[in-house]
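K.L.:
below is the sequence, then the predicted model.
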Amino acid sequence: MEVIAINNVYKTYVESEIEVKAVRGVSLRFQQGEFAAIVGPSGSGKTTLLNLLGGLDTPTAGEITIGGTHIHQLKPSKLIDFRRDNIGFVFQSYNLIPVLTAKENIEFIMQLQKRAKKERDQRSLELLEAVGLADRVNARPAKLSGGQQQRVAVARALASKPKFILADEPTANLDSVSTEKLLDIMEKLNREENITFIFSTHDTRVMKKARRVITLEDGLVLSDVIK
Amino acid sequence: MMIIQIAWRNIWRNKLRSLVVIIAVTLGLIGGIFSSALMKGMSDERVESAINNELSDIQIHHPKYLENNETEYILPNVANLESFLHSVPRVKQFSARLRVVGMASTAESGVGANIIGIDPEMELQVTFVHQFLDSASGYFDEAKKNPVIIGQKLAEKLKVHQRSKIVLTFQDNEGNLVGGAFRVVGIFKTSNTMFDETNLFVLRSDLARLTGFSPETSNEIAIRLSSHKEAVKLASEWKNKYPELAVESWKEISPDLAMMTDFMDQMMYIFLIIILLALGFGIVNTMLMVVLERVKELGMLMAIGMNKVNVFLMIMTETILLSLTGGVLGMLISALLVNYFNKEGINLAAVANGMESFGFSAWIYPDIEPDFYFGLSVLIILTGIIASVYPARKAIRLNPADAVRTD
């Protein structure tokens, strides 16, 4: 089943009075259950494409549909709700809420969705179990290692039951052991629960695990390889 | 609930910075509340002393008496009026007086004075002058002819002391100048020098005899109520009941005093609003720093689906909680201080002369109505809301895509 359709998308922005064409006519399709990596050198347009895909940025031209919804035609307030309910985000530097515990961080997005307390409790504990952190339920981010924080971030991204997860360089700040563990967890979730993951990455270990590798260069798709 | 929880925990992320704001709010409010309590204490003391010694709660006169204080305008049917006043439960006590304006003279000096003829027993619970008599004085308790009690300042002017003789001259009921020799049996000193300088008390029967009236004649009835607060309402009711009489509450008798108390209430709020305004700028500055420090986090919150209303509310709640923490501490400490000094009093003996010449006591008992704390809490919350608007607007204007990648 097709989850995401990117149709001839362009993104141009002005930086220090210089026009930068970050994405130049990209068209891609993602199916449910994909485990895809968008790779390319710095400045190739990976992050811009991910931001467009996550509804955090607006394309200059072209359109993106997620589950049939033209996301950039949504009103800003509706787009925020759409992001909350359909897209999970994992950021490079974890970006957990430092004053909340691991469990509360996961619950947070479900509170935004106004889910019942019982359901929030149950799901957050299940997700912590799934990412191997059942014993760190009440730890705040400062008490967790980088790898553990990123696993909590993955659990948080899954909490809202999104259509797919966007992970922007999720392993960039992790050591090899933590990277391996994180990738194993995400791969397992992908395989067993058919969750769609799309990464932007420089990391060869992520590229190796990915079943589809899209290479960008100068804002264009250079190659799109399905293993 | 989630927003309140995050906002509260966020306050303690940078303990030092939050404590600086909390202490600033606390100290600002202690200063503001205590100063206000002092002003109110002074004002209340002045009102209390004026009502106790000079005005009483309500006075009744012949309407024409008020125009020129002429002796001939006496109250009609005093006995009826007295029996009515006895029947009103809210009336604690009243005193029928005969009051004339005259001259008090000795061989060395002479000054104008209000000569107030009283029935000592009736007056005991209406004016508290008997409490301010010096130790050598009595309160009309010696069987002397024509006794008089005078203020200390007046005694100094006339150069008289206990048992001295003074001559009082005034008009009788036909407008003729009459006089009598009086013996000083008491000298009082209230907290109002002006009052002490212009008033003396004699027996109503003596004054009535000298002015040619019957002993029961009265041109002023001074009434004390169970509560000062009822004075205006009761005076208004009695005005309707006795349209032929001039019934005045203490606020009408002394409009300057009434204005001072009303003004003092407003001043307390104005004073605190100015303090809160100044503190508000400090809070805005702190919250701006908070927002700038948390750009990445705010970007993440908006990216994962926290809408702008919730982000705005989160910053606003944090600001309100920060202000309220200082506010509650400030109010608690102030309440303890005000309560302590309300019991113990503050003695401003060093400036007593100056204060007493304006009718203020040198002892101040700071006081604040409990309602004031409620009003102040609302003001603190308002300060928090207003102080949060600019930082919160900054927060919701962040672009989540840029914000999450901020270092």
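P.N.:
Noted; the coordinates are in hand.

K.L.:
so who does residue B:324 touch?
P.N.:
By C-beta atoms under 8 Å, 6 or more residues apart in numbering or on different chains, the contact list for residue B:324 reads B:377, B:380, B:381, B:384. Backbone N, C-alpha and C define where each C-beta goes, glycine included.

K.L.:
what pLDDT does the model give it?
P.N.:
On pLDDT, residue B:324 comes in at 93.

K.L.:
tell me how chain B divides into domains.
P.N.:
Following automatic domain parsing, chain B resolves into domains at B:2-50+B:258-403, B:63-244.

K.L.:
quick check: closest non-adjacent residue to the residue in chain A that chain B sits nearest to.
P.N.:
Residue nearest to chain B within chain A (C-beta to the nearest C-beta): residue A:84, separated by 2.3 Å. Excluding the flanking residues, the one nearest residue A:84 by C-beta to C-beta, 6 or more residues apart in numbering or on different chains is residue B:305, at 2.3 Å.

K.L.:
quick one, strands of chain A?
P.N.:
According to DSSP state E, chain A carries its strands in the segments A:2-15, A:18-31, A:35-39, A:61-66, A:69-70, A:87-90, A:164-168, A:196-201, A:212-217, A:220-226.

K.L.:
Serialize the ones you listed to CSV and add fields for mean pLDDT, mean neighbour count and distance to chain B.
P.N.:
Formatted as CSV, the entries for those read as follows, by pLDDT from 0 to 100; neighbours: other C-beta atoms under 10 Å in any protein chain shown; distance: least, C-beta to the nearest C-beta, whole Å:
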stretch, mean pLDDT, mean neighbour count, distance to chain B
strand A:2-15, 89, 16, 11
strand A:18-31, 91, 16, 12
strand A:35-39, 94, 23, 16
strand A:61-66, 93, 18, 14
strand A:69-70, 92, 14, 15
strand A:87-90, 92, 26, 5
strand A:164-168, 91, 24, 8
strand A:196-201, 92, 25, 12
strand A:212-217, 94, 19, 17
strand A:220-226, 91, 14, 21
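
K.L.:
residues in contact with the most centrally placed residue in chain A?
P.N.:
A centroid search over chain A (C-alpha atoms, centre = their mean) returns residue A:166, at 1.5 Å, as the residue closest to the centre. For residue A:166, the contact set (C-beta under 8 Å, 6+ apart) comprises A:50, A:53, A:54, A:87, A:88, A:89, A:90, A:198.

K.L.:
quick check: residues of chain B near chain A?
P.N.:
B:2, B:6, B:9-10, B:13, B:296-297, B:300-308, B:310, B:399-401, B:404-405 (C-beta under 8 Å from any C-beta of the partner chain).

K.L.:
could you rerun that using 7 Å?
P.N.:
Chain B comes close to chain A at residues B:2, B:6, B:9-10, B:13, B:296-297, B:300, B:303-307, B:400-401, B:404, as judged by C-beta under 7 Å from any C-beta of the partner chain.

K.L.:
and of these, the nearest to residue B:182?
P.N.:
Of all the residues of chain B next to chain A, residue B:10 has the smallest distance to residue B:182: 77.2 Å, by C-beta to C-beta.

K.L.:
ok so the closest one is a helix residue?
P.N.:
Yes. Judged by DSSP: H, G, I helix; E, B strand; the rest coil, residue B:10 forms part of a helix.

K.L.:
measure how buried it is and give me the count.
P.N.:
By other C-beta atoms under 10 Å in any protein chain shown, the residues close to residue B:10 number 22.

K.L.:
isn't it right next to residue B:318, touching?
P.N.:
Yes. Under the criterion of C-beta atoms under 7 Å, residue B:10 makes contact with residue B:318 at 5.3 Å.

K.L.:
which phi and psi does the spatially closest residue to residue B:140 that is not a sequence neighbour have?
P.N.:
Residue nearest to residue B:140 in three dimensions, not counting chain neighbours: residue B:120, with 4.3 Å by C-beta to C-beta, 6+ apart. Dihedral pair for residue B:120: phi -50, psi -40, per degrees, to the nearest 10.

K.L.:
could you pull out the strands in the stretch 201-350 of chain B for me?
P.N.:
Taking DSSP state E, counting those that start in this stretch as the criterion, the stretch 201-350 of chain B contains strands spanning B:220-225, B:246-249, B:346-347.

K.L.:
from the chain's centre, how far out does the shortest one sit?
P.N.:
Just to be clear, that refers to strand B:346-347. Centre-to-centre, strand B:346-347 and its host chain are 16 Å apart (C-alpha atoms, centre = their mean, to the nearest Å).

K.L.:
sheet-wise, list the partners of that strand with their directions.
P.N.:
Strand B:346-347 pairs in its sheet with strand B:363-364 (antiparallel), by DSSP bridges.

K.L.:
need the contact partners of the partner strand.
P.N.:
B:38, B:41, B:42, B:45, B:345, B:346, B:347, B:348 (C-beta atoms under 7 Å, 6 or more residues apart in numbering or on different chains).

K.L.:
rerun at 6 Å
P.N.:
For strand B:363-364, contacts defined as C-beta atoms under 6 Å, 6 or more residues apart in numbering or on different chains pick out B:38, B:41, B:42, B:345, B:346, B:347.

K.L.:
so the first one is in which element?
P.N.:
So the one you mean is residue B:38. Using DSSP states H and E, residue B:38 sits within helix B:15-50.

K.L.:
same for that helix, what does it pack against?
P.N.:
Under the contact criterion of 3 or more C-beta pairs under 6 Å, 6 or more residues apart in numbering or on different chains; DSSP states H and E, helix B:15-50 touches helix B:255-293, helix B:308-344, strand B:363-364.

K.L.:
change it to 8 Å
P.N.:
Applying 3 or more C-beta pairs under 8 Å, 6 or more residues apart in numbering or on different chains; DSSP states H and E, we find helix B:15-50 packed against helix B:255-293, helix B:308-344, strand B:363-364, helix B:370-396.

K.L.:
which of those sits closest to residue A:35?
P.N.:
Ranking these by proximity to residue A:35 (C-beta to C-beta) places helix B:308-344 first, at 32.5 Å.

K.L.:
what's near enough to touch residue 187?
P.N.:
No chain in the question, so chain A it is. By C-beta under 8 Å, 6+ apart, residue A:187 lies in contact with A:35, A:209.

K.L.:
that was the other one, I meant chain B.
P.N.:
Contacts for residue B:187 (C-beta under 8 Å, 6+ apart) come out as B:133, B:134, B:136, B:137, B:149, B:150, B:151, B:152, B:155, B:161, B:162.

K.L.:
export these to a markdown table and tack on pLDDT, distance to residue B:50 and secondary structure?
P.N.:
As requested, the contacts of residue B:187 are exported to a markdown table (pLDDT from 0 to 100; distance: C-beta to C-beta, whole Å; DSSP: H, G, I helix; E, B strand; the rest coil):
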| residue | pLDDT | distance to residue B:50 | secondary structure |
| --- | --- | --- | --- |
| B:133 | 78 | 19 | strand |
| B:134 | 76 | 21 | coil |
| B:136 | 68 | 26 | coil |
| B:137 | 69 | 22 | coil |
| B:149 | 91 | 19 | strand |
| B:150 | 91 | 19 | strand |
| B:151 | 91 | 15 | strand |
| B:152 | 90 | 18 | helix |
| B:155 | 92 | 21 | helix |
| B:161 | 87 | 27 | coil |
| B:162 | 86 | 27 | coil |
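
K.L.:
residue B:75 is in contact with residue B:63, isn't it?
P.N.:
No. Look at residue B:75 against residue B:63 with C-beta atoms under 8 Å: they stay out of range, at 10.5 Å.

K.L.:
any common contacting residues for those two?
P.N.:
Common neighbours of residue B:75 and residue B:63 are listed as residue B:245 (criterion: C-beta under 8 Å, 6+ apart).

K.L.:
and the two? which has more neighbours close in?
P.N.:
Higher neighbour count among residue B:75 and residue B:63: residue B:75, with 22 against 12, using other C-beta under 10 Å.
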